[in-house]
Every structure is written in C-alpha cells, then in structure tokens.
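Novice: Following is a predicted model, sequence given first.
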Amino acid sequence: MQSLTNTKQLTVEEFLTLPTGDITYELVEGKAVPKDKPMSPQRFHASLQKCLLWILDGWCRGKGDVYTELAVQLQRQGDVWVPVPDLTYVSFERWPEQLTSDGLCPVAPELVVEIISPTQGFGEMAQKAGDYLEAGILRVWIVDAVAKSITVFYPDRRPHTFTKSQRMTDDLFPDLVIIPEDIFAQARIP
C-alpha cells in the first residue's frame, strides 16, 4: 500500500478500494496515512472505545447511530479528507440513508470521539479536533487515558476538560450524562 500512497494523489474512490489490513488509514491531502503510527490501539484504547460505544449506543436508539472506525468524507483546507474517528454519532436527521446504504459517512456527523493512542499527543489531537469542527462536526471528544479526562471541543466556544466526577452534559445530546471517572473505571484503567 505504501508504494501506491506515495506516488500519486488518491481519489476517495481509489482510497476506498485499497487493500485492508491491521492498520487503519485515513485519506489526508490525497494520501493514505496510518491513523495510529506505528502501532495499532492497545487495551486501554479498546476498552474505552467499547465503554463509550455502549453508552452512546444506548442513548441514541431511535435518534441515529453510533459507529466504530467509520470513515467520514469531509473537507479540510479545501481538500477531500477522510478521517476514521474511533467513534462517530450521526443522527437520522443528518444521514437518513444510513439505514439502507453501505459505505463511508458522506455528511458531517454531530459527534466524533478520538481516544489518544500511546503514539499520539494531546496537541496533535486538539489540532485534529479543530479540523473536525471546521468541517462541520458539532462536537469532538478527545479521551485521554493517561490524564483520565475527556475534553469536549465546541464550534462556538473554548474546549472544556472533564475529569473525575464532573458531569458531562450537552444540550445537543439531551439526557446523555457522562461521568469520566465512571468511564475509566468501567474500562478498568488503573
């Protein structure tokens, strides 16, 4: 795959036909870029993803769907950008065809969740959160297993970091309450 990605700009269609393997790739500036370099997510990452999936899936029934590792087609600095967030929530209002079609998400979802992997830093993820917001995503959660925190990025105000027993609530997601220490305990993060 590396020889394909280094020699020419890929279209979305070409990107989607590349062989799959153990590494998840995102389309950035016409190139297939590994999402987590050089390693795949580990236990803390996977456990947090699972716990948040359960909570979001239970909350969004009848409103939309939550997905793991769903490619999303967006615009970034004038180019097609296909990131693969750890979790994506998109309402039936924004993407009604999701129930009958396959493929990547063609609209900006309401929420994406990125869990920091061992090879990623908060600064890198904060920059990505800014790109998500500029592309029309309404909320971005950056989950940090080391700091045991969830930072919420908004399009119209500064990010807010939630820790310990702080209640994460949001008018965009009525009746959804996230308590960071509960999430990290459920994921068995020491």
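Specialist: Done, it's in.

Novice: If you count neighbours, what's buried in the helix or strand harbouring Ala129?
Specialist: Per DSSP states H and E: Ala129 is located in helix 122-134. The neighbour-count check on helix 122-134 (16 or more other CB atoms under 10 Å) flags Phe122, Met125, Lys128, Ala129, Asp131, Tyr132, Leu133 as buried. No exception for glycine: its C-beta is placed from N, CA and C like everyone else's.

Novice: now, among these, which is nearest to Cys105?
Specialist: Nearest to Cys105 out of these is Tyr132 (CB to CB; 12.5 Å).

Novice: any idea how far Ile183 is from that closest one?
Specialist: Applying CB to CB, to the nearest Å, the value for Tyr132 to Ile183 is 21 Å.

Novice: Trp141 now?
Specialist: 11 Å.

Novice: between these two, which one's more packed in?
Specialist: Trp141 (25 against 21; other CB atoms under 10 Å).

Novice: Need the CA coordinates for the helix or strand encompassing the more buried one. CSV is fine.
Specialist: Under the criterion of DSSP H and E, Trp141 resides in strand 139-144. Extracted in CSV, the C-alpha atoms of strand 139-144 (Å, rounded to 0.1, in the frame of the first residue of the first chain):
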residue,chain,number,x,y,z
ARG,A,139,-18.8,18.2,19.0
VAL,A,140,-15.4,16.5,19.3
TRP,A,141,-14.4,14.5,22.4
ILE,A,142,-10.8,13.8,23.0
VAL,A,143,-10.4,11.0,25.5
ASP,A,144,-7.1,10.7,27.4
